[in-house]
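J.: Compute the structure for the input listed below.
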Amino acid sequence: MPMTVNRAAIYEAAEKLSNWGRWGPEDQLGTLNNVAPEDVVAAAGLIRKGRSFALGLALDEKIQSGLFGGRWNPIHSMLATGTDAAAGVQDEGPAYLRYADDALNMPCQGSTQWDGLAHIFLDDKMWNGYPASLVDARGAHKNGIEHYRDKCVGRGVLLDVARWKGVEMLDLGYPVTSADLDGCAAAQGVEIRKGDFVILRTGHQEQCLKTGDWSGYAGGDAPGLAFETCYWIREHDIAAICADTWGCEVRPNETDEANQPWHWVVIPAIGIAMGEIYYVRELAEDCAADGVYEFFFCAPPLHLPGGCGSPANPQAIK
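T.: Residues are numbered from 1 along each chain as shown. Here you go, the predicted structure:
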């Protein structure tokens with residue numbers, strides 16, 4: 001029977017599933033604490049073919065459509081070019097240098113990225129009970145993304161729910177349930193373990209890439225994780241949850257009493273590391289071909305003190 005999602009259910013889940021204080025009152029890592037050094041060593045043993053899969057979406061894809069938060073698409077600008085060099089523009093003085101240089105302007109969450117623990121608040125609190133007011137115009141004074149910089153590494157697991165369901169893409173608005181996650185894992189012959197980096201494939205991003213239509217991707221209707229999976233996440237004690245969608249959770253949301261209700265629980269209460277907008281097509285094809293859905297995973301964010309999120313170029317290595 002589908003779970004009823006409303007404000008009461010959100011606060012009930014946040015209270016039941018809270019990890020506040022679990023790793024001490026000063027913790028700013030959340031579920032990344034679940035990855036032990038021996039887990040990283042074991043994950044390195046999953047590298048057998050020496051093949052890497054880059055899970056970062058190309059930054060020239062225009063995915064932002066103004067549906068959420070005023071985010072814009074990455075802007076790549078040239079500061080100096082080879083045409084400048086060929087024209088002799090840079091040839092000043094006897095010791096000149098001919099070169100190209102460029103700049104990138106983008107929101108921290110404008111493409112493949114990590115949500116930081118300062119990104120979502122539960123009322124006036126963020127992860128581990130820190131006041132939301134500690135995120136001000138100078139950035140996050142607690143729970144900044146810089147604490148992730150050397151922690152996003154371990155055993156990765158792909159749950160290819162779309163392929164398991166026999167479709168190229170799950171329907172817009174399809175809620176991926178806990179039973180779906182367990183059923184997919186069982187069919188793939190992979191076990192979800194404490195400290196895993198779990199990646200969900202819905203096929204949504206691949207459909208946008210195929211059609212060239214990103215109009216509803218960022219903030220519109222999407223397949224995604226049902227609210228109930230916040231219990232699955234806490235039960236399995238994973239390190240991170242990632243997806244090929246813009247916001248991981250199903251849209252339209254399962255309630256009109258809160259925007260992104262699953263986010264309300266999993267980031268500020270559970271302290272999950274969350275990756276969004278992951279490009280997984282080639283990884284999924286390889287996993288389907290060899291039947292191996294586990295791999296070494298490494299996805300450091302930028303070292304951005306006070307950041308509420310960060311671009312990433314995750315790597316799955318098999």
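J.: Return the list of strands paired to the longest strand along the chain, each annotated with direction.
T.: Among the elements of type strand in the chain, defined by DSSP state E, the one spanning the most residues is strand 153-160. Partner strands for strand 153-160, per DSSP bridges, with pairing direction: strand 197-201 (parallel), strand 294-298 (antiparallel).
J.: quick one: the strands in the stretch 101-250 of the chain?
T.: In order along the chain, the stretch 101-250 of the chain carries the following strands (DSSP state E, counting those that start in this stretch): 101-105, 113-115, 135-136, 139-140, 153-160, 175-176, 197-201, 224-225, 240-243.
J.: and of those, who's closest to residue 3?
T.: Closest approach to residue 3 among the strands of the stretch 101-250 of the chain is made by strand 175-176 (9.5 Å; Cβ to Cβ). For every residue, glycine as well, the C-beta is placed using N, CA and C.
J.: right, and residue 39 touches residue 153 too?
T.: No: counting by Cβ atoms under 8 Å, residue 39 stays clear of residue 153, with 9.3 Å between them.
J.: Columns mean neighbour count, mean pLDDT and distance to residue 44 on top of the strands of the stretch 101-250 of the chain, output as a markdown table?
T.: As requested, the strands of the stretch 101-250 of the chain are exported to a markdown table (neighbours: other Cβ atoms under 10 Å; pLDDT from 0 to 100; distance: least, Cβ to Cβ, whole Å):
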| stretch | mean neighbour count | mean pLDDT | distance to residue 44 |
| --- | --- | --- | --- |
| strand 101-105 | 10 | 97 | 31 |
| strand 113-115 | 27 | 97 | 21 |
| strand 135-136 | 16 | 98 | 35 |
| strand 139-140 | 21 | 98 | 31 |
| strand 153-160 | 25 | 98 | 9 |
| strand 175-176 | 26 | 98 | 30 |
| strand 197-201 | 27 | 98 | 14 |
| strand 224-225 | 26 | 98 | 29 |
| strand 240-243 | 28 | 98 | 18 |
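J.: List the contacts of residue 97.
T.: The contact partners of residue 97, by Cβ atoms under 8 Å, 6 or more residues apart in numbering, come to residue 90.
J.: switch to 10 Å and redo it
T.: By Cβ atoms under 10 Å, 6 or more residues apart in numbering, residue 97 lies in contact with 80, 85, 90-91.
J.: Show me the two of these that sit farthest apart.
T.: Across the contacts of residue 97, the two members that end up farthest from each other (Cβ to Cβ) are 80 and 91, 12.5 Å apart.
J.: ok, the two, which is more surrounded?
T.: Remark: of residue 80 and residue 91, residue 80 carries more neighbours, 15 against 12, as counted by other Cβ atoms under 10 Å.
J.: State the distance from the closest residue to that one other than its chain neighbours to residue 78.
T.: Taking Cβ to Cβ, 6 or more residues apart in numbering, and ignoring the residues beside it in sequence, residue 80 has residue 101 as its nearest neighbour in space, at 4.3 Å. Distance, residue 101 to residue 78, using Cβ to Cβ, to the nearest Å: 7 Å.
J.: Please look at residue 82 and residue 102 and confirm they touch.
T.: No: here residue 82 lies out of contact with residue 102, judged by Cβ atoms under 10 Å, at a distance of 11.7 Å.
J.: which residues does the residue nearest to the spatial centre of the chain contact?
T.: Centroid check for the chain by Cα atoms, centre = their mean gives residue 275 as the closest residue, at 0.8 Å. With contacts defined as Cβ under 10 Å, 6+ apart, the neighbours of residue 275 are 55, 112-115, 152, 197-200, 240-244, 248, 297, 299, 301, 312, 314.
J.: could you redo the last one with a cut-off of 7 Å?
T.: The neighbourhood of residue 275, defined by Cβ atoms under 7 Å, 6 or more residues apart in numbering, consists of 114, 240, 242, 299, 312, 314.
J.: Between those residues, which sits nearest residue 140?
T.: For the contacts of residue 275, the residue nearest residue 140 by Cβ to Cβ is residue 114; the value is 13.1 Å.
J.: number of nearby residues for the closest residue in space to residue 17 that isn't next to it in sequence?
T.: On the basis of Cβ to Cβ, 6+ apart, the spatially nearest residue to residue 17 that is not a chain neighbour turns out to be residue 234, at 4.3 Å. With neighbours defined by other Cβ under 10 Å, the count for residue 234 comes to 21.
J.: cool, and residue 212?
T.: A count of nearby residues for residue 212, using other Cβ under 10 Å, gives 8.
J.: List phi and psi for it.
T.: Dihedral angles of residue 212 (phi, psi; degrees, to the nearest 10) stand at phi 80, psi 10.
J.: Done for today, thanks.
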